[in-house]
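Undergrad: sharing a model prediction with you, sequence too.
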Amino acid sequence: MTDHSDEHRAADTTRKAPGNSTTADVRISFKRWLVKNVRNPYVVFTSLVQPVIFFILFVEVFGAIADGALAGVFGSDISYVTYLSPAIIIMSTLSSAATSGIGLVDDMEAGMFDKMRVSPMSNSAMLFGKVLSEVTRIVAQTLLILLLGYLLLAVKHGVAFDQYLRTGVAGLIGVVLVTVIFGGVFMAYSNIVALVSRDQEATILFANLLTFPLLFISSAFLPLSTLPEWIQTLAVLNPITYGVDAVRAVMLGENLMTVIDVTAFSGIWNTVVPAVGVLVAYAALLGTVAIRLLRRASKRAVQ
Amino acid sequence: MTNQQSQPTQNAVEQSREPDLAIDAENVTVTYDDGTEAVRGVSLRVENGEFFGFLGSNGAGKTTTIKSLVTLLDPTHGSVRINGYDAATDPQMVRRSIGYMPQETSIDRELTPRENLRLACTLYGVPAEQRTDRIEALLDLVDLQDVADTRAETFSGGMKKRLDAATALVHRPPVVFLDEPTTGLDPEARLRLWDYFDRINEQGTTVFLTTQYLKEADRLCDRLSLLHDGQVVETGSPAALKSEFGADVFEITLANPVEKQIERGVGAIRRIDALGNPTIQTTDDGIIVRSQRVRTAASELFAALDDVGVSVRDFDVRSPTLDDVFLSLLDDSSGDGNRTETDRASLATQEMST
């Protein structure tokens, strides 16, 4: 305390904070958001509890009838658990990513955003650290769902893990990568809504408004060929279709693309390459808009 | 984005014109895109170590001014130098040499005070070996040791503000900007905060504080500027401003407030030499007299009214408030009665809401 006062008395106007390197800034922001996420019951629920509930309910309720539909499309060697896993993974990624903007709005409303801007921390490091924490969350929940899916399958049919994720460790990494890219699309979307509305409720509303219907206008729950024609048409534009198809192709080790017919590659790559391509394009487009809006929000010019 | 560490210190020192001034703002003008002139030619010179107040009602332009001082927005015209660094060309150096407490409570509610302070330490790159000592010293300073490991979401407004103030000080900035730090707090919490701000200033930190409370500026500030409608209308010490512009107010309610009675009363009051040169205003039910000497001349005033047959039903004498200082300044500067009435109305509404 005395030490503190003395140094203050010796104050001169050249005294200043040292600041950090950009990597240190990213780490600081990453750590902050990670701690905040873990402490937020809503985040923990949507990441860890909700997927489990949905997974089990869907399998129990739709499993019996879906097996028939699946047999028509895939033959008899695929269980609904395996078929549904990619959908649950993508759905959980979606609900995590689509709420990404809430933290940003919260920071803006609470003055934390301005406080960070007045600190020596770089704005891009601040953003990057936050994105990394969300990626961590998405990876963690994806791994959890994969484990749960395998357990469900093992209990129901007593199959081995390589029957569930047929492409092994490479496939596991592939699923995680697709999930992260897919998450990027909706993180960008959510942050756009947040930056335009500057309102938490609006950000949550738009997250649910768009994402819930999108899940049904896709190949997530049932094979597209068994669904009405208008859904098949709209599904072509839906990022969820590409996310689910890519994850499903990787898990089953088969070409499963449901909306566009690509034959330039071989096997599962005919699904993965175009699907990831479409997702990257969506992420790049929305990401550019989000970053531009964020720049405008943090720029010093008068608005 | 820019790598702060690569900027040599000497460079900034060479640029500085007047190293003595903590804040040197010249003719700062901020015009919003919709054409609103939020700040119109504000100039401020704050010495190192001063406690400087920036007093004005809601919408006067206080926050806009403070934002242009702390590099959050670029003024449309004018220049800002903080600690000798130019805010337009050297914002990083300005940021590293200031602390800022925004009007909204800017703490992370999901973190504890200790964690919030640690976050602030890391944001400003306080060396790891100094962090613990500094955090403990600040927790002592703002009396938050007892709750240092409790998440801030459960805190009262006053506790949050104290934590917020502490986080603005982790890097020991020579200047700290506090934007309406006590607005919305109860009187006790406000008193406590005043105490901490005093301590911070006593420790050698220059404090720039915006407020809408005259009492607050009076209690804390060495000097203050009065801001109205985006312009500084007066600068001086609180005592000087009050004695110059803040006449005591004598409100008289007449027993029979008809026009003739009021007129007669006003005439009688004007003839009282002891009142000096009072400002007299009539209302629906009586007369308001503003004068430095209204307290000492009270008995003469009653006698004079009695002489002309005007009987008083009720009266009230009060010390000048922010409103009165503003109103007398506006009377002096604009001489526009209508404008004064509107301002009176807006100030009255504001008083109600605070």
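TA: Thanks, I have the structure now.
Undergrad: show me where pLDDT drops low in chain B?
TA: Residue ranges of chain B with pLDDT under 70: B:1-20, B:246, B:321-324, B:326-328, B:330-354.
Undergrad: what does the stretch 51-200 of chain A have sitting close to chain B?
TA: Contact residues (CB under 8 Å from any CB of the partner chain) of the stretch 51-200 of chain A with chain B: A:109-112, A:114-124. In this view, the C-beta of every residue, glycine as well, is placed from N, C-alpha and C.
Undergrad: now the two most distant members of these.
TA: Distance extremes for these: the farthest pair is A:109 and A:120 at 23.1 Å, using CB to CB.
Undergrad: and those two? Which one has more around it.
TA: For residue A:109 versus residue A:120, the count of surrounding residues by other CB atoms under 10 Å in any protein chain shown is larger for residue A:120: 23 against 13.
Undergrad: pLDDT wise, what is the more buried one at?
TA: At residue A:120, the pLDDT value in this model is 89.
Undergrad: could you find the closest non-adjacent residue to it?
TA: In space, residue A:120 comes closest to residue A:19 once its chain neighbours are excluded; the distance is 3.6 Å by CB to CB, 6 or more residues apart in numbering or on different chains.
Undergrad: and the one you found, that one's in a helix?
TA: No: the secondary structure assignment for residue A:19 gives coil rather than a helix, going by DSSP: H, G, I helix; E, B strand; the rest coil.
Undergrad: can you tell me which helices and strands the helix or strand hosting residue A:185 packs against?
TA: Under the criterion of DSSP states H and E, residue A:185 resides in helix A:168-197. On a contact count with 3 or more CB pairs under 8 Å, 6 or more residues apart in numbering or on different chains; DSSP states H and E, helix A:168-197 meets helix A:80-97, helix A:100-110, helix A:123-157, helix A:200-216, helix A:239-252, helix A:269-298.
Undergrad: so for that helix, what gets flagged as buried?
TA: Taking 16 or more other CB atoms under 10 Å in any protein chain shown as the basis for neighbour counts, the residues of helix A:168-197 that come out buried are A:171-172, A:174-195.
Undergrad: then stretch B:189-196?
TA: Taking 16+ other CB under 10 Å as the neighbour-count basis, stretch B:189-196 is seen to contain the buried residues B:189-190, B:192-194, B:196.
Undergrad: okay, and which of those map to helices?
TA: Counting by DSSP state H, these place B:189-190, B:192-194, B:196 in helices.
Undergrad: let's have those residues in JSON lines, adding distance to chain A.
TA: Converted to JSON lines, these look like this (distance: CB to the nearest CB, whole Å):
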{"residue": "B:189", "distance to chain A": "18"}
{"residue": "B:190", "distance to chain A": "19"}
{"residue": "B:192", "distance to chain A": "18"}
{"residue": "B:193", "distance to chain A": "17"}
{"residue": "B:194", "distance to chain A": "18"}
{"residue": "B:196", "distance to chain A": "13"}
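Undergrad: ok, those residues vs residue B:130, which is closest?
TA: The shortest separation between residue B:130 and any of these is 21.3 Å, and it belongs to residue B:196 (by CB to CB).
Undergrad: the helices in the stretch 201-350 of chain B, which residues?
TA: B:214-220, B:238-245, B:259-270, B:298-307, B:322-334, B:337-353 (DSSP state H, counting those that start in this stretch).
Undergrad: if we can go back for a sec, which one of the helices and strands packed on helix A:168-197 lies nearest to residue B:261?
TA: Taking those one by one with CB to CB, helix A:100-110 is closest: 54.9 Å.
Undergrad: from the contact counts, what lies against the following helix or strand past the closest one?
TA: Proceeding C-terminally, helix A:100-110 gives way to helix A:112-118 as the next helix or strand, assigned by DSSP H and E. Packed against helix A:112-118 by the contact rule (3+ CB pairs under 8 Å, 6+ apart) you find helix A:100-110, helix A:123-157, helix A:269-298, strand B:98-101.
Undergrad: winner for burial among those?
TA: Counting by mean count of other CB atoms under 10 Å in any protein chain shown, strand B:98-101 has the highest mean neighbour count of those, with a mean of 28.
Undergrad: neighbouring strands - and their directions - for that one?
TA: According to DSSP bridges, the neighbouring strands of strand B:98-101, each with its direction, are strand B:175-179 (parallel).
Undergrad: if I pick residue A:279, what's in contact with it?
TA: Applying CB atoms under 8 Å, 6 or more residues apart in numbering or on different chains, we find residue A:279 in contact with A:178, A:181-182, A:184-185, A:239, A:242-243, A:246.
Undergrad: what is the least confident helix or strand in chain A?
TA: Here the helix or strand of chain A ranked lowest by mean pLDDT, DSSP states H and E is helix A:2-9, holding a mean of 41.
Undergrad: check which element follows that helix along the chain.
TA: Once the chain leaves helix A:2-9, the following helix or strand, as judged by DSSP H and E, is helix A:22-39.
Undergrad: helices or strands up against that next one?
TA: Contact analysis of helix A:22-39 by 3+ CB pairs under 8 Å, 6+ apart lists helix A:41-44, helix A:123-157, helix B:113-123 as its packing neighbours.
Undergrad: anything in the shortest one near chain B?
TA: Think helix A:41-44. No: no part of helix A:41-44 sits near chain B under the criterion CB under 8 Å from any CB; the closest distance found is 10.3 Å.
Undergrad: ok, and what's touching that helix?
TA: Residues lying outside helix A:41-44 but in contact with it, judged by CB under 8 Å, 6+ apart, are A:37-38, A:96, A:137.
Undergrad: just the strands in the stretch 1-150 of chain B please.
TA: Secondary structure of the stretch 1-150 of chain B, counting by DSSP state E, counting those that start in this stretch: strands at B:21-31, B:37-47, B:51-55, B:77-82, B:85-86, B:98-101.
Undergrad: what lines up beside the first one in the sheet?
TA: Here the strand partners of strand B:21-31, with direction, are listed using DSSP bridges: strand B:37-47 (antiparallel), strand B:77-82 (antiparallel).
Undergrad: so which bits of the last one are buried?
TA: Spelled out, that is strand B:77-82. When neighbours are counted by 16+ other CB under 10 Å, the buried residues of strand B:77-82 are found to be B:78, B:80-82.
Undergrad: same deal with the longest one?
TA: Within strand B:37-47, the residues that count as buried by 16+ other CB under 10 Å are B:37-40, B:42, B:44-46.
Undergrad: reformat these as CSV; add distance to residue A:128.
TA: CSV is the format used below for these (distance: CB to CB, whole Å):
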residue, distance to residue A:128
B:37, 38
B:38, 33
B:39, 34
B:40, 39
B:42, 37
B:44, 37
B:45, 40
B:46, 36
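Undergrad: can you count the residues close to residue 22?
TA: Using chain A here. Look at residue A:22: counted by other CB under 10 Å, it has 16 neighbours.
Undergrad: you answered for a different chain; I wanted chain B.
TA: Residue B:22 is surrounded by 27 other residues when neighbours are defined as other CB under 10 Å.
Undergrad: my read: it touches residue B:85, true?
TA: No: using CB atoms under 8 Å as the test, residue B:22 is too far from residue B:85 to be in contact (11.1 Å).
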